[in-house]
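Undergrad: just coords:
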């Protein structure tokens with residue numbers, strides 16, 4: 001029995017969640033993969049999977065083997081990637097996680113420009129407004145809007161988030177524009193509800209002594225930033241929106257920037273990844289490319 005090969009197939013089954021998908025990825029039949037796993041189970045003397053016709057799950061022993069074997073296989077993958085890195089062409093899968101708004105407004109052009117330079121690079125993009133645990137989700141690079149990740153990760157701030165109070169021209173023509181905070185509180189406003197907690201986020205307003213957190217009367221709340229931007233653009237109400245989402249809308253006249261003296265800039269956009277060393281060459285090249293491209297697009301963080 002080729003132990004390295006069989007363990008590699010075992011890890012492939014765990015990652016894929018099925019024998020058939022792991023077999024397809026390796027160009028083998030499902031029967032061949034199943035036979036290899038049986039050989040491995042015979043060798044270690046325990047069952048590694050609970051198998052039914054509808055589901056597949058690791059036993060406790062299988063989970064332990066995966067946790068022990070996976071880092072070693074990852075090191076092997078990284079060693080092979082570093083050898084491949086001497087070639088001009090970059091190829092392989094890069095897994096990226098980001099909030100939906102960043103995937104649309106920031107990452108789409110970055111992925112396109114990277115693939116223009118490296119056509120054989122492939123991406124698996126995971127978009128979710130909740131924080132993504134890179135290790136658990138097997139993600140290579142993550143992006144986050146707000147505060148830096150608090151976990152043991154490398155986090156780099158690529159740009160600032162300026163919160164701007166905006167309204168559609170049609171809304172202002174109908175209801176007028178507020179001249180101060182007191183008038184603002186009398187208007188129809190929109191709100192953002194956090195995806196993780198369900199909490200309605202208060203507006204951040206620049207006051208004489210610093211940032212003031214203000215609850216506003218919301219005619220509608222949203223759990224995605226893009227849906228809130230769309231509603232404000234349609235004239236539903238006044239919203240406090242991230243600059244990277246609305247700067248083009250403001251420049252085109254589709255939105256009006258109200259009360260700019262109340263703008264705040266306390267949060268940022270972060271790129272994060274698990275470690276600085278032993279990164280596959282394709283991932284390292286993407287990190288460098290994304291850093292430069294994101295800073296150019298966002299203007300970089302304030303010094």
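TA: Arrived safely, thanks for sending. Since this is a predicted model, take the numbers as computed values, not measurements.

Undergrad: Residue 166 contacts residue 262, doesn't it?
TA: No. With contacts counted by Cβ atoms under 8 Å, residue 166 stays clear of residue 262, the gap being 11.6 Å. (C-beta placed from N, C-alpha, C; glycine too.)

Undergrad: more neighbours, these two?
TA: Between residue 166 and residue 262, residue 166 has the larger neighbour count (other Cβ atoms under 10 Å), namely 25 against 21.

Undergrad: The more buried one: helix or strand, and which one exactly?
TA: Residue 166 belongs to strand 154-167 when assigned by DSSP states H and E.

Undergrad: Pull out the buried positions in that strand.
TA: Judged by neighbour count (16 or more other Cβ atoms under 10 Å), strand 154-167 contains these buried residues: 155-167.

Undergrad: what's the answer for stretch 229-249, then?
TA: Buried residues in stretch 229-249 (16+ other Cβ under 10 Å): 229, 231-233, 235-247, 249.

Undergrad: what ranges do the strands span in the stretch 1-150 of the chain?
TA: Under the criterion DSSP state E, counting those that start in this stretch, the stretch 1-150 of the chain contains strands at 49-51, 56-58, 92-98, 121-127, 141-146.

Undergrad: any chance of those strands in TSV, plus mean neighbour count, mean pLDDT and distance to residue 220?
TA: Listed next are these as TSV, based on neighbours: other Cβ atoms under 10 Å; pLDDT from 0 to 100; distance: least, Cβ to Cβ, whole Å:
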stretch	mean neighbour count	mean pLDDT	distance to residue 220
strand 49-51	14	82	46
strand 56-58	15	84	42
strand 92-98	20	90	25
strand 121-127	15	91	23
strand 141-146	20	88	21
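
Undergrad: will you turn those strands into CSV that also has distance to residue 42?
TA: What follows is the strands of the stretch 1-150 of the chain, written out as CSV (distance: least, Cβ to Cβ, whole Å):
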stretch, distance to residue 42
strand 49-51, 13
strand 56-58, 17
strand 92-98, 32
strand 121-127, 34
strand 141-146, 39
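
Undergrad: right, so of these, which gets closest to residue 298?
TA: Evaluated over these, closeness to residue 298 peaks at strand 141-146, with 10.7 Å, by Cβ to Cβ.

Undergrad: gap between that closest one and the chain center?
TA: Between the centre of strand 141-146 and the centre of its chain there are 5 Å (Cα atoms, centre = their mean, to the nearest Å).

Undergrad: Right, I'll call it a day here.
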